[in-house]
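Enquirer: sequence and predicted structure are below.
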Amino acid sequence: MPKYREILKINEQYALDNKKEDSGVKLLLMHFSKMDSADLLLSMDEEMPDKLYQDFLYGVDRYIAKNIPVQHIIGYQDFYGYSFKVNSDVLIPRFETEELLGNILLIYGDIFEAEKIDVVDIGTGSGCLAITLDLEDSNMNVTATDISKEALKVAKQNNKKLGSNVNFLLGDMLEPLKGMKFDILVSNPPYIPNKEFVEDLVIDNEPSLALFGGVDGLDFYRKIIKNAESILNERYIIAFEHAFNKAKELRKIIKKHLKDVEIIQKKDLQGKDRMTFIIKK
């Protein structure tokens with residue numbers, strides 16, 4: 001049998017030749033071999049067992065030839081140090097959303113200090129934002145909504161598996177929250193314009209309901225911003241992830257509907273405008 005190093009190199013090149021990320025091949029090998037990155041590195045010059053080789057090649061074929069995301073093949077995606085179940089009913093958590101979460105944890109302490117606060121995540125999907133906030137800060141009492149029963153099923157499974165205590169509600173945007181009040185509203189809503197090109201790996205495997213946000217991609221931001229103060233306390237934070245080219249338009253929508261607020265817009269690690277925070281003190 002060929003060695004791990006040789007097999008990995010050949011299949012990473014196979015991925016690149018087919019316009020797929022070579023990092024996905026390494027993730028598949030780690031999954032099927034049940035090794036972490038360090039163990040795999042130490043095993044590079046060993047021969048790969050035949051059964052593992054066949055399982056790995058099957059996984060690579062599904063990823064490259066069948067166009068199935070690696071995360072769907074292995075069944076999970078790591079997010080902020082936690083492993084979240086994902087499938088075709090939810091978006092695969094992205095690194096940019098980890099940055100949004102990290103900034104929420106940094107910013108909120110300046111506004112609320114050590115107080116117990118109520119947080120809501122609108123359009124929770126896999127639950128990655130809501131669950132991680134709940135796990136990372138014991139002062140946060142977290143609620144999350146989604147219009148998709150299938151997505152909430154996945155989120156609840158993640159909630160149980162990770163030992164968090166998020167309250168999940170089924171419904172469209174703010175509808176299931178009537179009569180409730182929160183200190184922080186966070187959302188990573190669908191924000192791709194309806195006619196914008198989306199690569200096949202995404203459009204064929206992730207729910208359209210969680211991808212597209214109207215003609216300009218801002219429909220859900222308008223809905224949330226217009227009605228946000230009906231579910232927020234007098235002092236609040238709203239935190240959004242959004243498309244890198246929509247920061248200025250989003251600022252205009254905020255100024256139209258929300259008065260006496262501070263608007264902070266931050267770039268992600270790639271230097272793109274990805275996050276907007278609205279603060280009312």
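Expert: Cool, the structure landed. Residues are numbered from 1 along each chain as shown.

Enquirer: confidence score at residue 1?
Expert: For residue 1, the model assigns a pLDDT of 81.

Enquirer: mind listing what it touches?
Expert: By CB atoms under 8 Å, 6 or more residues apart in numbering, the contact set of residue 1 is 47, 48, 49, 50, 53. Any C-beta I mention is one placed from the backbone N, CA and C, and that applies to glycine too.

Enquirer: where does pLDDT dip in the stretch 151-281 of the chain?
Expert: By pLDDT under 70, the weakly predicted segments of the stretch 151-281 of the chain are 198, 210.

Enquirer: quick one: the helices in it?
Expert: 200-203, 219-227, 247-257 (DSSP state H, counting those that start in this stretch).

Enquirer: so who does residue 204 touch?
Expert: Counted by CB under 8 Å, 6+ apart, residue 204 has contacts residue 67.

Enquirer: which phi and psi values does residue 3 adopt?
Expert: Per-residue torsions, residue 3: phi -90, psi 160 (degrees, to the nearest 10).

Enquirer: contacts only, for it.
Expert: Residues in contact with residue 3 (CB under 8 Å, 6+ apart) are 44, 45, 46, 47, 48.

Enquirer: what does residue 239 give?
Expert: Residue 239 is in contact with 100, 103, 104, 107, 184, 185, 186, 187, 275, 276, 277, 278, counting by CB under 8 Å, 6+ apart.

Enquirer: how about the nearest residue to it, chain neighbours excluded?
Expert: In space, and not counting its chain neighbours, residue 239 is closest to residue 186: 4.5 Å by CB to CB, 6 or more residues apart in numbering.

Enquirer: leaving out chain neighbours, which residue sits closest to residue 68?
Expert: Closest residue to residue 68 apart from its sequence neighbours, by CB to CB, 6+ apart: residue 62 at 4.6 Å.

Enquirer: packing partners for the host helix or strand of that neighbour?
Expert: For residue 62, the host element (DSSP states H and E) is helix 50-64. Packing contacts for helix 50-64, counted by 3 or more CB pairs under 8 Å, 6 or more residues apart in numbering; DSSP states H and E, involve helix 4-17, helix 23-33, helix 70-74.

Enquirer: one more time with 6 Å, if that's ok
Expert: Identification of packing neighbours for helix 50-64 by 3 or more CB pairs under 6 Å, 6 or more residues apart in numbering; DSSP states H and E yields helix 23-33, helix 70-74.

Enquirer: will you turn those helices into TSV that also has mean neighbour count?
Expert: Formatted as TSV, the helices and strands packed on helix 50-64 follow (neighbours: other CB atoms under 10 Å):
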stretch	mean neighbour count
helix 23-33	19
helix 70-74	19
